[in-house]
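Trainee: could you look at this predicted model? Sequence included:
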Amino acid sequence: MSPTPEFTRMPLVIGAFAIAVLLFYVLHPILMPFVVGGLLGYLGDPVVDRLEARGWSRSGGVAAVFVIFILGLSAILAFLIPMLLSQLDQLVRQIPEIYQWLAGDALPWFQSKMSLSPVKLPNIDWEQELAANWQSLGKLITDTLRRLTTSGIDVATILFNIALIPVVAFYLMRDWDRLMEATLDLIPRPWQENLSLMVAEADDVLGAFLRGQFLVMLAQALMYSVGLLIVGLDVAVVLGTAAGLASIIPYAGAVVGVGSSLAVAWFQFGGEWLPLIWVALVFGVGQTIESWFLTPLLVGDRIGLHPVAVIFALMAGGQVAGFTGVLVALPVAAVLLVFTRHAITHYRASDAYHRD
C-alpha cells in the first residue's frame, strides 16, 4: 500500500519546524528587535484594519497608530517613571522596619499560634547591606557605561537595535495581511482550510491574552494606584503598578497587591486597622470591576491560557533564549495549545482510540 499524501508531507513539515526552532535558538541574540517589532505589529494590526475600513490608507492608519503609541510612551516616561523611582526609593528605605516587625512580632506570633518550635531570623545590619547593594548597583551601572563608552561597536549595536524596532513594526503592520496570505499559500492546499481555522483560533486565544489582557493589566494598575493614593499610601503607584503587571496571571495581581499593600499600610499607619480595611476594599472593588466588566468587555469569553501554562511558558522561554524567549513564549504557547487541542480531537475520532 502506498503512503497517503498526508504521510509523505509530514516529514517535510516536521523538518521545516525543526529547522525553524534551530534557527531561532542559534540566532536569538539578534532577534530581539524583530520579535518586539513583530509583537507591536501584531497588536496594532487590528486597529489599522479598522481605520482602513473607515477609508484610511494602510500607511496612514499605521502612522496614526505610531503617533498614539509615541504619545502614550512619552507620557509614561515623563510622569510615571520619575514617580515610580521616587516611591521605590521610599519602599527600599522601609525594608529594615518591615524585617524587624517580621522577626520580632509576626514570626513569634505565628509560631505560638501554630505551636511550633521558636526559630529566630538572623540579625541583619540593614544600613550596611543596603549601602553595599546600592554601591554594587552603582558600580554595575558605572562598569556597564564604561564598557559601552569605550566600545563604539556596542553603542552602535544598541542604538541600531532600538532604531530597528519601529522600522520592523511599521513594515510588518503595513504588510501584515499580505504576509499572512503569502505564508498560508506555502502550506499544502489540502491542509489550508483546516489550518486557516486553527490559525484563526490561535489568533483568538493569543489576541485575548495579549491585546485584551494587556488592557486589563493597564486598567488594573491604574485602578489600584489611584485607589491606594486615595487611601494615602506613600508608595501607591509602585504597589498598584506591580499588582497590575502581576495580573498577567489570573488572580496573581490581587494576591500580590493585597499582601504587599497591607504590609506597607500596617507600617505607614502604625498598625491602625481602618487603613487596612480601606486597602482591602480597594482591591476588592478592583477585582470585582475586573471580573464583571473589564474581562468580559476587553477579553470576552474567548479561551485563554491556563495560569500554569503561562508560568511554564515564560520560564521555559527565558531558559531557552533569555529575554527574546520570554517575548515569544506566550505566542508559541497559544499556538501549541490550539494545535494540541485539535490533535487530541483528531486522535479521539480515530480508529486507534476506539479500536478494541
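Mentor: Right, received. Where do you want to start?

Trainee: in the protein, which helix has the most residues?
Mentor: helix 307-348 (DSSP state H).

Trainee: next helix or strand past it?
Mentor: Following helix 307-348 in sequence order, the next helix or strand is helix 351-354 (DSSP states H and E).

Trainee: could you give the mean pLDDT of that next one?
Mentor: Mean pLDDT, computed over helix 351-354, is 73.

Trainee: mind listing residues that contact that helix?
Mentor: residue 347 (C-beta atoms under 8 Å, 6 or more residues apart in numbering). Backbone N, C-alpha and C define where each C-beta goes, glycine included.

Trainee: from the middle of its chain, how far away would that helix be?
Mentor: Counting by C-alpha atoms, centre = their mean, to the nearest Å, helix 351-354 is centred 40 Å from the centre of its parent chain.

Trainee: need phi/psi at residue 270.
Mentor: Dihedral pair for residue 270: phi 70, psi 30, per degrees, to the nearest 10.

Trainee: where does it land on pLDDT?
Mentor: 74.

Trainee: how about residue 340?
Mentor: The score at residue 340 is 82. That number is its pLDDT.

Trainee: quick check: the gap between it and residue 205.
Mentor: 12 Å (C-beta to C-beta, to the nearest Å).

Trainee: these two: which is more packed in?
Mentor: Per other C-beta atoms under 10 Å, whichever of residue 340 and residue 205 has more neighbours is residue 205, with 21 against 10.

Trainee: contacts only, for the closest residue to that one other than its chain neighbours.
Mentor: Leaving aside its chain neighbours, residue 205 sits nearest to residue 334 (4.5 Å; criterion: C-beta to C-beta, 6 or more residues apart in numbering). Taking C-beta under 8 Å, 6+ apart as the contact definition, residue 334 lies against 202, 205-206, 209, 305.

Trainee: and if you look at residue 232?
Mentor: 268-269, 275.

Trainee: quick check, nearest of those residues to residue 324?
Mentor: residue 268 (39.7 Å; C-beta to C-beta).

Trainee: give the next helix or strand downstream of the stretch of helix or strand residue 191 belongs to.
Mentor: Taking DSSP H and E as the criterion, residue 191 maps to helix 189-207. Sequence order places helix 213-231 as the next helix or strand after helix 189-207, per DSSP H and E.

Trainee: got the buried residues for that next one?
Mentor: Within helix 213-231, the residues that qualify as buried are 213, 216-221, 223-225, 227-228, 231, counting by 16 or more other C-beta atoms under 10 Å.

Trainee: which residues are contacting that helix?
Mentor: Contact partners of helix 213-231, identified using C-beta under 8 Å, 6+ apart, comprise 43, 236-237, 239-241, 243-245, 247-248, 253, 257, 261, 265, 275, 278-279, 282-283, 285-286, 289-290, 294-295, 298-299, 304.

Trainee: any idea of the mean pLDDT in the helix or strand that it is followed by?
Mentor: Going down the chain from helix 213-231, the next helix or strand is helix 236-246, by DSSP H and E. Averaging the model's pLDDT scores along helix 236-246 yields 84.
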